[in-house]
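[1] This is a predicted model, with the sequence first.
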Amino acid sequence: MSSPTVGSPMEILLVEDNLEDARVTIEALRAENVRCRVSLVPDGHEAMNFLRRQGVLARAPRPDLILLDMELPKKDGRQVLAEIRADEDLKSIPVVVLTASLVHRAILEAENLRVDAFMTKPVSLEKFIEVVKSLRRSWLVERVLPAMK
């Protein structure tokens, strides 16, 4: 018998312009009972506004995990990742890159842009959930309060 998770759900920012891919991702998280809240943005420009809490997104939650598609309108995933890694307030957020091409992995590695995991589309449901749960365990360990004496 497992005990319920204590505390706040994990905040996930999903940066994806394909609504069908976004739906599949969100349904996979629900099906596996990953305790999270997902915010969806459709392009790289809006992703950076969300992360920097600019304009109408001033009250956006700080994500604990970013799921980032590489093929985005307005600002592609590589540009978004470069901005995240260059920003002192954002660079510690784990990023999982979602891509249909292994070429993106080589480009990001050549540019020394750190990624916490790569997922090739179409994403294997089992692999995707494994990565998210692993990152969630790390997230929970970092937020455990010391025992009261």
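    Here it is on my side, so go on.
[2] where do the helices sit along the protein?
    Counting by DSSP state H, the chain has these helices, from start to end: 19-31, 44-52, 77-86, 103-110, 125-142.
[3] among the ones you listed, which is nearest residue 96?
    With CB to CB, the closest approach to residue 96 among those belongs to helix 125-142: 6.0 Å. C-beta coordinates here come from the backbone N, C-alpha and C atoms, glycine included.
[4] For the spatially most central residue of the chain, give its distance to residue 16.
    Centrality entry for the chain: nearest residue to the mean C-alpha point is residue 66, 1.7 Å, by CA atoms, centre = their mean. For residue 66, the distance to residue 16 (CB to CB, to the nearest Å) stands at 11 Å.
[5] low-scoring stretches of this protein, by residue?
    1-7, 100-102, 104-106, 108, 110-111, 120-125, 132-133, 135-149 (pLDDT under 70).
[6] 80 instead, please
    Along the chain, segments meeting pLDDT under 80 span 1-8, 31-34, 99-149.
[7] now stretch 63-81: how far from the chain's centre is it?
    Mean C-alpha position of stretch 63-81 versus that of the full chain (CA atoms, centre = their mean, to the nearest Å) differs by 9 Å.
[8] hang on, the earlier thing: check contacts around the residue nearest to the centre of the chain.
    Taking CB atoms under 8 Å, 6 or more residues apart in numbering, we find residue 66 in contact with 12-13, 15, 47, 51, 84, 93-96.
[9] Repeat that for residue 53.
    By CB under 8 Å, 6+ apart, residue 53 lies in contact with 59-60.
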